[in-house]
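Colleague: Kindly return the folded structure for what I paste below:
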Amino acid sequence: MRLYVLGLLGLLVIANAFYLPGVAPREYQMGEWVNVKVNSIKSTETAIPYDMYSLMVCYPEKSVDGKSVVEVKKSGKVKVKGEAENLGEILWGDSIKPSRYNLRMQEDVTCQKVCTTKPNPKNVEKKSRESIPLKRLKRRIDEQYRGHMILDNLPISEVYIWEGGARGLFYRRGYPLGIPGNRTHHSVVYNHLAFTVKYHKAENLPGWRIVGFEVVPYSVLSSSIDSDCKSKADFDAEKYPEQKLVVKPVEEATKYLSWSYSVKWAEDKTVAWSSRWDHYLRSSDASAANIHWFAIVNSLMIVLCLTGMVAMILLRALHKDFNRYNNPDNEDEAQEETGWKLVHADVFRPPHNSSFLAVYVGSGAQLFGMCCITLTFALLGFLSPARRGGLMTAMLVLFALMGSVGGFATAIVSNMFGQRSWNTIILSGLWVPGKAFGIFFVINLILWAQGAASAVPFYVLLGLIALWFFVSLPLVCFGAAVGYRRGAIQQPKPVGTIPRPIPEAKWHMRPLIVVLCTGAVPFGAVFIE
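Modeller: Okay, the predicted model is just below:
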């Protein structure tokens, strides 16, 4: 044992720290190109992400390395090629693509015009003759969609001064596309982005590392951008009139939109590269943090109190029965079958649909194993937030690998009930995942019809089915084979040959009423949240 401990200590001495693939720091040299990428636009109002290039914005011409990223289809539609995404990114609705915003390290830009976009005069509605691109952009602004960009694997954010319980800076990811309109005022589009990129000097290494990516959106009249936006001239976005987005009347509709940006580089010696994500993690939804924790603690306390009350009532009734049976003065009453004696021969009787109980126990064990391993990897730092989609990918893969645990638990429970059947094992591998996949497939059809960025392509669905049938299901069968080899769990009390008749339950004890009542508390907590 001592040699084992000494060996572990020796490994700790010679061990070196390492960075996970994809999250290692990068040093940029003075004047080096730093490419800004765009992600899906998202909103908490609709929860449906859309591709940034589904709007009337500037399309990229070429990437930083000179490759073409635009593909023109036969129908005339323009498609921007995205980056290779992992499974988690696709399921999460991320659509990362190159942008027209290209920065140079430590080179400030007062104002740089990106492009001018015009609505296609042929792309109009037949009845109202309203421009479809303008109407789509207005709808996304009114639905409070936020644009998302990425620089050096760091998401863009707005910075506010938080005046809540813990005062400080509040970072909110993304930026609003504009100001929603109403019946009296037109919507306003944010067409000028003021970037602030924070960096610091890498120790003992040539170059600088990016530790912050902030933005302040402005609305500037397009004609002002065309005339005054120059890289070397002073440009104050606040002094120009706003660019309103007019859809109707058609005669006064917006003719074109000009887009621009400015860049300011600021050195920040207080933030290290390894802690640049701390701002996002600490201030994520800071305004709702107290309500969030209160709802969670409130729900847990209610569940724990109700569980404790029921357990105390049952234990008290059971002890009362045992005391009455052991009392020598109550020998006549002890001969009567009341209380525990009345039900002791039926407590461990296999229930109706015991195979489904075994299936759900196995699926629960599979989910529990997946959660435990995922949390362990997250605590060890293998699931960094910088690895977009890493958490979702890990959960799916681990759920498939935990099929052996689910099959083992299903086999143990079904063997305990004396119903050893491989049909139950196959059902364990198909029932819960099948229902989840069916619901996911229906939702995906709706997202696909809406043109959402989170709509999963057909080849990804085939990959999920392959992971399910060729990895998870065989592991379920393997775990069940191991579980069936073990002996059945012996019950502490024998089961009577004749089941005791169960009296008819009252109306408030029926399964439907019980399910609705017990689900009201967690539903209320979720609804309030």
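Colleague: SS state for the residue lying closest to residue 452 once chain neighbours are set aside?
Modeller: With CB to CB, 6 or more residues apart in numbering as the measure, residue 48 is the residue that lies nearest to residue 452, at 4.7 Å, once sequence neighbours are left out. No exception for glycine: its C-beta is placed from N, CA and C like everyone else's. Per DSSP: H, G, I helix; E, B strand; the rest coil, the local secondary structure of residue 48 is coil.
Colleague: Would you list the phi and psi of residue 48?
Modeller: Main-chain dihedrals, residue 48, degrees, to the nearest 10: phi -120, psi 110.
Colleague: so what pLDDT did it get?
Modeller: In this model, residue 48 is scored at 89, pLDDT.
Colleague: now do residue 12
Modeller: The pLDDT attached to residue 12 in the predicted structure is 38.
Colleague: Give me the neighbour count for residue 208.
Modeller: If you count neighbours by other CB atoms under 10 Å, residue 208 ends up with 20.
Colleague: residue contacts, the nearest residue to it once chain neighbours are set aside?
Modeller: Taking CB to CB, 6+ apart as the measure, residue 208 lies nearest to residue 199, with 4.6 Å between them; neighbours along the chain are not counted. If a contact means CB atoms under 8 Å, 6 or more residues apart in numbering, then residue 199 has 28, 105-106, 208-212, 265-268 as its contacts.
Colleague: next SSE after the helix or strand that contains residue 199?
Modeller: Element membership of residue 199 [criterion: DSSP states H and E] is strand 192-201. The first helix or strand that comes after strand 192-201 along the chain, using DSSP H and E, is strand 208-218.
Colleague: Hmm, residue 69 is touching residue 99, no?
Modeller: No: using CB atoms under 8 Å, residue 69 makes no contact with residue 99, being 9.7 Å away.
Colleague: Can you tell me how far the residue nearest to residue 79 when sequence neighbours are not counted is from residue 242?
Modeller: Excluding the flanking residues, the one nearest residue 79 by CB to CB, 6+ apart is residue 71, at 4.7 Å. When CB to CB, to the nearest Å is the yardstick, residue 71 and residue 242 sit 35 Å from each other.
Colleague: With neighbour numbers in mind, choose between these two.
Modeller: Neighbour count, other CB under 10 Å: between residue 71 and residue 242, residue 242 has more, with 16 against 10.
Colleague: Which pLDDT value belongs to that one?
Modeller: According to the per-residue confidence, residue 242 scores 91 in pLDDT.
Colleague: and it, that one's in a strand?
Modeller: No: under three-state DSSP, residue 242 sits outside any strand and is assigned coil.
Colleague: re the thing from before, just say helix, strand or coil for the residue nearest to residue 79.
Modeller: The three-state assignment at residue 71 reads strand, by three-state DSSP.
Colleague: could you pull out the strands for the stretch 51-200 of the chain?
Modeller: Remark: strands of the stretch 51-200 of the chain, listed N- to C-terminal, are 70-72, 78-80, 97-104, 109-117, 146-147, 149-151, 154-155, 157-162, 168-173, 175-176, 178-179, 187-189, 192-201; assignment by DSSP state E, counting those that start in this stretch.
Colleague: Go through those and find the least confident stretch.
Modeller: Looking across the strands of the stretch 51-200 of the chain, the weakest by mean pLDDT turns out to be strand 70-72, at a mean of 69.
Colleague: Can you list the buried residues in stretch 399-416?
Modeller: Across stretch 399-416, burial judged by 16 or more other CB atoms under 10 Å covers 399-416.
Colleague: And for stretch 99-113?
Modeller: In terms of neighbour count (16+ other CB under 10 Å), stretch 99-113 has its buried residues at 99-103, 105-106, 109, 111-113.
Colleague: Would you mind putting the CA coordinates of that stretch into CSV?
Modeller: What follows is stretch 99-113 as a C-alpha-only set of coordinates in CSV (Å, rounded to 0.1, in the frame of the first residue of the first chain):
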residue,chain,number,x,y,z
SER,A,99,-18.5,37.2,-41.1
ARG,A,100,-17.6,40.4,-43.0
TYR,A,101,-16.0,41.9,-39.8
ASN,A,102,-12.3,41.3,-39.9
LEU,A,103,-10.0,43.0,-37.3
ARG,A,104,-6.3,43.5,-37.0
MET,A,105,-4.5,43.0,-33.7
GLN,A,106,-4.1,46.4,-31.8
GLU,A,107,-5.3,48.5,-34.8
ASP,A,108,-8.1,50.8,-33.8
VAL,A,109,-10.8,51.7,-36.4
THR,A,110,-12.9,54.8,-35.9
CYS,A,111,-15.5,53.7,-38.5
GLN,A,112,-15.4,51.2,-41.3
LYS,A,113,-18.3,50.7,-43.6
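Colleague: Pull the distance from that stretch to the chain's centre.
Modeller: Averaging C-alpha positions (CA atoms, centre = their mean, to the nearest Å) puts stretch 99-113 32 Å from its chain's average.
Colleague: Check stretch 482-494 too.
Modeller: In terms of CA atoms, centre = their mean, the gap separating the centre of stretch 482-494 from the centre of its chain is 40 Å.
Colleague: how long is stretch 24-32 end to end?
Modeller: By CA to CA, to the nearest Å, the extent of stretch 24-32 from end to end equals 18 Å.
Colleague: should've said stretch 208-226
Modeller: When the termini of stretch 208-226 are compared using CA to CA, they are 34 Å apart.
Colleague: centroid residue for the chain?
Modeller: The geometric centre of the chain, computed from its C-alpha atoms, lies nearest to residue 92 (CA atoms, centre = their mean), at 6.0 Å.
Colleague: ok, it touching residue 390?
Modeller: No: applying CB under 8 Å as the test, residue 92 and residue 390 come out as separate, 10.3 Å apart.
Colleague: Which strands and helices lie in contact with the longest helix along the chain?
Modeller: Once the chain is assigned using DSSP state H, the helix that runs over the most residues is helix 289-326. Contact here means 3 or more CB pairs under 8 Å, 6 or more residues apart in numbering; DSSP states H and E; on that basis helix 289-326 packs against helix 331-335, helix 340-343, helix 511-528.
Colleague: Could you identify which of these is most buried?
Modeller: Among these, the stretch with the highest mean neighbour count (mean count of other CB atoms under 10 Å) is helix 340-343, at a mean of 14.
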